[in-house]
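**Student:** curious how this folds, go ahead:
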Amino acid sequence: MQQLTREQIISLCQSDPTAMADAYLALSAQLAEIQTHLKALEGRLAQDSHNSHQPPSSDRVPPPRPKSLRQASGKKAGGQVGHAGTTLQPVEKPDHVIVHKVERCQNCQQSLKAVAAQDYDKRQVFDVPPLRFEVTEHQGEIKTCPHCLQNNRATFPTGVTHVTQYGEGAKALSTYLNTYQLVPCERTAEFFQDVFSQSVSAGSVVNFNHECFTALADHDQAVKTKITAAAQANFDETGTKINGRLHWLHVAATPELTYYACHEKRGQEAMDAIGILPDFQGTAIHDHLAAYRHYTCDHALCNGHHLRELIFIEEQYQQSWAKEMRELLLDIKKQAERNQVRFNAETLRGFKQKYRRLVKKGFEENPLPAVVEMPKKRGRRKKSKSRNLVERFENFADEILAFAEDFNIPFDNNQAERDLRMMKLQQKISGCFRSRAGADIFCRIRGYISTNRKQGFNVLAALQNAFNGQSLSGLAL
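**Tutor:** Just a heads-up that it's a prediction; the model follows:
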């Protein structure tokens, strides 16, 4: 567009005011669009792990001073009064006793060899003995019947199928190191060589994992069935690479159970294929991903996400409604933790009234931009990040405040996020999965481990039970 001088603009206004009005409207619309785009770019630069869903690893250097969402408890730092603590306690019957004798008097140097000790000053050292593999040889008798000359061989126990093979304890330890402690296959093999002086190949580590995966089929289905029937469950998903391609790792969890599944998709197609949400009739706690809305269960939104978004709007745009809404949510949460049962009708009504007033204030601080007459564009009208959040608070008030209605519903989706955290750590260590089969094996074993950890079982013993065919024993399924 040719730039006009001031005199030319005045002359054009006098000769063709309609053209100038159109030009003014077009420039105003363009300026408004540029300002909106600029605000969005500034907002993206201001986002980090404390005010958005981005992980801490994406924070710029130097990172901003963190602003924790936790509230002060009023307690002093360190161990609290009444905390039992843990420390080594002496045992009554040690495995070995070494007596250190007093040979001479420290004062007069007289010999005390013939003097009996009147007491002992005892100190115990706890240490790991030298480790080695224990080999059990199974010998099956071979007998020939003297009557019919039939050659008879004894039957070996179930699982004893080769001339030499690893036992359940060795397999469980390998899977424990590789899948639970996230030690790579090569280093797991090195561990066996360094600790037990026994060579185990990386291929054997993979084979042990596959055997464990097969043994856990019934457990996997039992957990899936139990979560589907739960009153509340947490759902989340995170990206992962399989053979260089983006896939999605989904989790469904309760405080006692964990179920993982990999899929190429993130949304409804994946959720239908996993098969929990289509039949789930409890309350699903999740983020604002639209795919969850396709299911007829009750919904509760994660307020951990909302707190971070409110912090962003408060810091970036200095909007007071965001600060007050964040304080209101945290206040309701604190009072819910104190009440233990449920709020009375009057208290709950007061919270909701304040909530609605803040939503109204949010709309006042985030009006829609004035409509400028321009050629119509396809698609929905673009809105600011803060306007979208206000509308979410209006349209999904019941889901956001579900934790205030029912104290069994958590305030946030931290349960699912915690269950995904170790999966993300696995990706940081190993980079990606080489195959979909490897990802499925890892998901099933890790879900079994997480379920046992939640229920207070020893992970190594649980894995040994899996190799023994006892994966369901003791679990609250």
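
**Student:** pull out the buried positions in whichever strand or helix holds Asn465.
**Tutor:** Here Asn465, judged by DSSP states H and E, is contained in helix 459-467. By neighbour count with 16 or more other C-beta atoms under 10 Å, helix 459-467 contains the buried residues 459-460, 462-467. In this view, the C-beta of every residue, glycine as well, is placed from N, C-alpha and C.

**Student:** and Ala322, how far from Lys171?
**Tutor:** Shown here: Ala322 relative to Lys171, a distance of 54 Å by C-beta to C-beta, to the nearest Å.

**Student:** now swap in Glu141 and tell me
**Tutor:** Using C-beta to C-beta, one gets 28 Å for the distance from Glu141 to Lys171.

**Student:** other SSEs contacting the longest helix seen in the chain?
**Tutor:** Secondary structure of the chain per DSSP state H: the longest helix is helix 17-46. Counting contacts by 3 or more C-beta pairs under 8 Å, 6 or more residues apart in numbering; DSSP states H and E, the secondary-structure elements packed against helix 17-46 are helix 6-15, helix 303-317.

**Student:** show me what the longest strand along the chain is packed against.
**Tutor:** Using DSSP state E, we find that the single longest strand of the chain is strand 232-242. Applying 3+ C-beta pairs under 8 Å, 6+ apart, we find strand 232-242 packed against strand 245-253, strand 283-286, helix 414-430, helix 436-454.

**Student:** got the buried residues for the helix or strand just after the shortest one?
**Tutor:** It stands for strand 283-286. As assigned by DSSP H and E, the chain's next helix or strand after strand 283-286 is strand 298-301. In terms of neighbour count (16+ other C-beta under 10 Å), strand 298-301 has its buried residues at 298-301.

**Student:** also stretch 224-238?
**Tutor:** Residues of stretch 224-238 classed as buried under the neighbour-count rule (16+ other C-beta under 10 Å) are 224, 226-228, 230, 232-238.

**Student:** and what of stretch 245-264?
**Tutor:** Using 16+ other C-beta under 10 Å as the burial criterion, the residues of stretch 245-264 that qualify are 247-254, 256-263.

**Student:** and what of stretch 324-337?
**Tutor:** The neighbour-count criterion (16+ other C-beta under 10 Å) identifies 324-326, 328-330, 332-333, 336 as the buried residues of stretch 324-337.

**Student:** and it, how far out from the chain's middle?
**Tutor:** Counting by C-alpha atoms, centre = their mean, to the nearest Å, stretch 324-337 is centred 24 Å from the centre of its parent chain.

**Student:** with stretch 171-191 instead?
**Tutor:** Relative to the mean C-alpha coordinate of its chain, stretch 171-191 is positioned 21 Å out (C-alpha atoms, centre = their mean).

**Student:** that stretch spans what distance, first to last residue?
**Tutor:** The distance separating the two terminal residues of stretch 171-191, taken as C-alpha to C-alpha, to the nearest Å, comes to 13 Å.
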